[in-house]
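1. Mind looking at a prediction? Sequence and model below.
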Amino acid sequence: MKLATAQGGRGTYVALETGGEWIDYTKAHQIYHLLAHDAPGPVLSTLDVMFREGLVSSEHVEPVVSRLGEYGLTERFALSEAPVCLQPHRPGKILCIGRNYSAHAAETGHEAPKQPVVFSKSPAACIGPGCPIRIRETYGRVDHEGELAVVIGKRAKDVRRENALDCVAGYTIVNDVTARDIQQQDIGKGLPWFLSKSMDSFCPVGPAVLLTNALVEPLEADVEVRVNGELRQQSNTRRLIFDVPALIAYITEYITLEPGDIIATGTPEGIAPLVPGDQVEVTIPPIGTLSNPVEAEPPL
Ligand code: MG
């Protein structure tokens, strides 16, 4: 099952994909709440609202779907066409993992790390599917980095590896767009990577959140990046050096994770430059494809 914040004629709503069909989950949940609790429930107009209510998880969504099925109501909420997906939600934190595939560490001139390399991107850099990645000539080389991203569903601190997946709501896709020249200059000066990773529009995310029951450890999801249809990156998440439970256990020793937070698990080899006019697509079946155009930001 996948959840997406969608745009329609009446504004934003939450769309749910179940059994290959998309339904209007905002409406479906209202009817479910009336049936189950004999009272109107919260209007779940976006995934942000659902995260606030603690409702982004298969354990909350499955009863809605099954109850609607029992009453023969599912078709009533079916969407006639695939929804127009927006940025799924606004995460409080975006934690990223560097050099988490050996072949990518090698292409950047590094050995595989002995412990996770954790850095962050600004949530303000997030954009949704179809929104332009904007780059200026003065940025120098700007690369795509297609990545599997973990979406946190429950507050988590000091989590052990064996329980780590309990706090995961699902998975989405992040393109960890990076101003490579600026990053290298900053590394050379002993400065952090934050600026080169957090420029406006440098964090495409989406198109949907795949709930965890559809993708269980060990993760074996293909990750592919195409630019103008040409394959640039191709790998599989089974090649992650530090897997998702290891990352959650490591991070939560130091940082509390909150619902909606994102961990971008790292990019495989094949990073390459983007230029204005490009169309970049990151595909992770069964989450979907995150597609964004690249546009020139007007000079100062
Ligand atoms: Mg990255």
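-> Good, I have the coordinates.

2. Poorly predicted segments of the protein, please.
-> For the chain, the stretches flagged by pLDDT under 70 are 213-218.

3. how about the helices in the stretch 51-200 of the chain?
-> 58-70, 102-107, 180-188, 194-197 (DSSP state H, counting those that start in this stretch).

4. for the ion, what are the nearby residues on this protein?
-> Counting by Cβ under 5 Å from the ion, the residues of the chain close to the ion are 145, 176, 267. Where you see a C-beta, it was placed from the backbone N, CA and C, and this is true even at glycine.

5. so what's the residue in the chain positioned nearest to the ion up against?
-> With Cβ to the ion, the shortest gap between the chain and the ion falls at D176, namely 3.4 Å. With contact taken as Cβ atoms under 8 Å, 6 or more residues apart in numbering, D176 is in contact with 96, 121, 145, 147, 197, 202-203, 264, 267.

6. Pipe the residues of the chain next to the ion into JSON lines and attach distance to V159 per row.
-> As requested, the residues of the chain next to the ion are arranged in JSON lines below (distance: Cβ to Cβ, whole Å):
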{"residue": "E145", "distance to V159": "26"}
{"residue": "D176", "distance to V159": "23"}
{"residue": "T267", "distance to V159": "24"}
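
7. Let me know the closest of these to A106.
-> T267 (13.0 Å; Cβ to Cβ).

8. which residues touch the closest residue to the closest one other than its chain neighbours?
-> Distances taken as Cβ to Cβ, 6 or more residues apart in numbering place E145 nearest to T267, at 3.6 Å, with adjacent residues excluded. Counting by Cβ under 8 Å, 6+ apart, E145 makes contact with 175-178, 267, 271.

9. on that earlier part again, let me have the helices of the stretch 51-200 of the chain in a markdown table, adding mean neighbour count as columns.
-> Compiled in a markdown table, the helices of the stretch 51-200 of the chain are given as follows (neighbours: other Cβ atoms under 10 Å):
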| stretch | mean neighbour count |
| --- | --- |
| helix 58-70 | 16 |
| helix 102-107 | 16 |
| helix 180-188 | 16 |
| helix 194-197 | 20 |
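
10. which other helices and strands contact the helix or strand containing V282?
-> Assessed by DSSP states H and E, V282 sits inside strand 279-284. Applying 3 or more Cβ pairs under 8 Å, 6 or more residues apart in numbering; DSSP states H and E, one finds that strand 279-284 contacts strand 146-152, strand 168-175, strand 222-227, strand 288-296.

11. Show me what it pairs with in its sheet, parallel or antiparallel.
-> Note on strand 279-284: by DSSP bridges, its sheet partners are strand 222-227 (antiparallel), strand 288-296 (antiparallel).

12. could those be laid out in TSV, adding mean neighbour count?
-> Shown next, in TSV, are those (neighbours: other Cβ under 10 Å):
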stretch	mean neighbour count
strand 222-227	20
strand 288-296	19
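
13. Which one, of those, ends up nearest to E62?
-> Of all those, it is strand 288-296 that lies closest to E62, at 20.3 Å by Cβ to Cβ.

14. and the closest one, C-alpha only, in CSV?
-> Output of strand 288-296 as CSV, limited to C-alpha atoms (Å, rounded to 0.1, in the frame of the first residue of the first chain):
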residue,chain,number,x,y,z
GLY,A,288,7.5,4.4,-8.1
THR,A,289,9.4,7.1,-10.1
LEU,A,290,10.4,10.5,-8.8
SER,A,291,10.7,12.7,-11.9
ASN,A,292,12.0,16.3,-11.9
PRO,A,293,13.0,18.8,-14.6
VAL,A,294,16.2,20.8,-14.2
GLU,A,295,16.0,24.5,-14.8
ALA,A,296,18.4,27.5,-14.8
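
15. about what we covered before: make JSON lines out of the helices and strands packed on strand 279-284 and add distance to T46.
-> Listed next are the helices and strands packed on strand 279-284 as JSON lines, based on distance: least, Cβ to Cβ, whole Å:
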{"stretch": "strand 146-152", "distance to T46": "14"}
{"stretch": "strand 168-175", "distance to T46": "15"}
{"stretch": "strand 222-227", "distance to T46": "27"}
{"stretch": "strand 288-296", "distance to T46": "18"}
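
16. Dihedrals phi and psi, I241?
-> Torsion angles at I241 (phi, psi; degrees, to the nearest 10) stand at phi -70, psi -50.
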